[in-house]
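Asker: Following is a predicted model, sequence given first.
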Amino acid sequence: MTHRVLVAAELRNLLEPTQLDGLDVTWIAADQPTPKGDWVAIVPLLSRWVGGTELKDLPRLRIVANCAVGYNNVDVVAAEMRKVIVSNTPDVLTEATADLTWALILACARRLVEGIDLVRSGRWSGWHPEQLLGMELRGRTLGVLGAGRIGQAVGRRAPPFGLRVLYAARTPKPDFERDTGAVRADPSRLLAESDIVSLHTPSTPETKGLINSDALRRMKPGAILVNTARGDLVREEALAIALEEGRLGAAGLDVYTDEPAIHPRLLAAPRTVLLPHIGSATTETRRQMAAIAVANVQAVLKGKPPLTPVFR
Ligand code: NAP
């Protein structure tokens, strides 16, 4: 028996044909609206909203297998009410995203974008003792705001760089503290004491706009803000103003509120390193994300529990 399923067309090259055994796949491109019909599963990218209307238009749906760890593109309350399972792809993307976070930390601290621009412009006139001076990491403090899988993986990379770690999470993380010497702090202390603040909470009603103009004013002068979590944690115009006024040292961003649009003032602001949402973008990780998303569909359609549900 084959099951009709909707799968993001962009995942096609990442999946092996055997992973799709027993599935009658309708591929939907990111720019195509979600169709109405009798599909029993959907594997969307994080750019596709799956809310009340979509769930109503797919009355036989049994699972939304999101191809991302974040699931703020799915109305989980509406799904739960309709008894539709929602799954995500945790763990497999943790290390790749932590690596990219460090790429942003180092790029901001050592002014990589300005250096690359200088060389490419042909205006570089040679070594100068005061050229593009950055932030020495040794002896500084990294603030990990949201110390789950990715936040902890970022924090675990900090001690070899000589950084002290502060973290904020709703619950204490004793193993993380023991392994890294990290100290739990409330978000306002973390903002006030950190030289680098790295965001790793999910996007929820509580965390949206967490980094607003007040929070930015509480940060140390010259501090670096890094966001590889979700764009709407940060008020982009307030961030642009803090950078324009030279209050912040730099901002390294992988995610934006209204992707792929970026607030024009932020795009024009100084001292930014702006990436196109590539936190999990390694070949291995993207293949594993696609595989887990489809494995969740296969499990549910065989009457088994999903591997990685977002609620039970
Ligand atoms: P996770 O393991 O669930 O970690 C989330 C952490 O945030 C937890 O430690 C949680 O605290 C904490 N948290 C939640 N609400 C909070 C609040 N109001 N204040 C302080 N801390 C709060 O998730 P993850 O796997 O690390 O992923 C984190 C996020 O990264 C995802 O939701 C996704 O949006 C984003 N992401 C982005 C990319 C990219 O491509 N840039 C890739 C992967 C993931 P408790 O542990 O105490 O509950």
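Answerer: That came through, no problem. Residues are numbered from 1 along each chain as shown.

Asker: So which bits of the stretch 201-312 of the chain are right by the ligand?
Answerer: By CB under 6 Å from any ligand atom, the residues of the stretch 201-312 of the chain that approach the ligand are 201-204, 206-207, 228-230, 254-255, 277, 279-280. In this view, the C-beta of every residue, glycine as well, is placed from N, C-alpha and C.

Asker: now the strands for the stretch 51-200 of the chain?
Answerer: Along the stretch 51-200 of the chain, counting by DSSP state E, counting those that start in this stretch, strands occupy 63-65, 85-87, 141-145, 164-168, 183-184, 196-199.

Asker: and the residue of the stretch 1-150 of the chain nearest the ligand?
Answerer: Going by CB to the nearest ligand atom, the ligand is nearest to G148 of the stretch 1-150 of the chain, at 1.7 Å.

Asker: Quick one, grab the pLDDT at that residue.
Answerer: If you check G148, the pLDDT there is 98.

Asker: burial count for it?
Answerer: The burial count assigned to G148 is 20, neighbours taken as other CB atoms under 10 Å.

Asker: so how far is L142 from it?
Answerer: 16 Å (CB to CB, to the nearest Å).

Asker: same question, W102
Answerer: W102 is 10 Å from L142, where distance means CB to CB.

Asker: Compare the two (neighbour count), which wins?
Answerer: Counting neighbours by other CB under 10 Å for W102 and for L142 shows that L142 has the greater number, 27 against 18.

Asker: hang on, the more buried one packs against R164?
Answerer: Yes: assessed by CB atoms under 8 Å, L142 is found in contact with R164 at 7.2 Å.

Asker: joint contacts of those two?
Answerer: Both L142 and R164 are in contact with A158, where contact means CB atoms under 8 Å, 6 or more residues apart in numbering.

Asker: would you list the strands of the stretch 51-200 of the chain in CSV and tack on distance to A223?
Answerer: Output for the strands of the stretch 51-200 of the chain, formatted as CSV (distance: least, CB to CB, whole Å):
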stretch, distance to A223
strand 63-65, 38
strand 85-87, 36
strand 141-145, 9
strand 164-168, 12
strand 183-184, 18
strand 196-199, 6
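
Asker: Which of the ones you listed sits closest to S121?
Answerer: Set against S121 and scored by CB to CB, those come closest in strand 196-199, at 27.8 Å.

Asker: On the C-terminal side of that closest one, identify the next helix or strand.
Answerer: Of the helices and strands lying after strand 196-199 in sequence (DSSP states H and E), the nearest is helix 213-218.

Asker: what's the first-to-last distance across stretch 66-75?
Answerer: The straight-line separation of the ends of stretch 66-75 (CA to CA, to the nearest Å) is 12 Å.

Asker: want to throw the strands of the stretch 51-200 of the chain into a markdown table with mean pLDDT and distance to the ligand?
Answerer: Converted to a markdown table, these look like this (pLDDT from 0 to 100; distance: least, CB to the nearest ligand atom, whole Å):
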| stretch | mean pLDDT | distance to the ligand |
| --- | --- | --- |
| strand 63-65 | 98 | 16 |
| strand 85-87 | 98 | 13 |
| strand 141-145 | 99 | 6 |
| strand 164-168 | 98 | 5 |
| strand 183-184 | 98 | 10 |
| strand 196-199 | 99 | 8 |
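
Asker: Which of the ones you listed sits closest to R235?
Answerer: Among those, strand 196-199 comes nearest to R235, with 12.5 Å by CB to CB.

Asker: which residues in the stretch 1-150 of the chain form helices?
Answerer: Counting by DSSP state H, counting those that start in this stretch, the stretch 1-150 of the chain forms helices over residues 52-57, 76-81, 94-109, 112-121, 149-156, given from the N-terminal end onward.

Asker: got the phi/psi numbers for the spatially closest residue to the residue of the stretch 1-150 of the chain closest to the ligand that is not a sequence neighbour?
Answerer: Leaving aside its chain neighbours, G148 sits nearest to H200 (6.4 Å; criterion: CB to CB, 6 or more residues apart in numbering). Note on H200: its backbone torsions stand at phi -140, psi 20 [degrees, to the nearest 10].

Asker: next one: A251
Answerer: phi -130, psi 130.

Asker: ok, it - contacts?
Answerer: Contact criterion CB under 8 Å, 6+ apart gives C108, I224, L225, V226, N227, L239, L243, A269, R271, T272, V273 as the residues in contact with A251.

Asker: Tell me the bridge partners for the fifth one.
Answerer: With DSSP bridges applied, N227 shows beta-bridge pairing to L199, L253.
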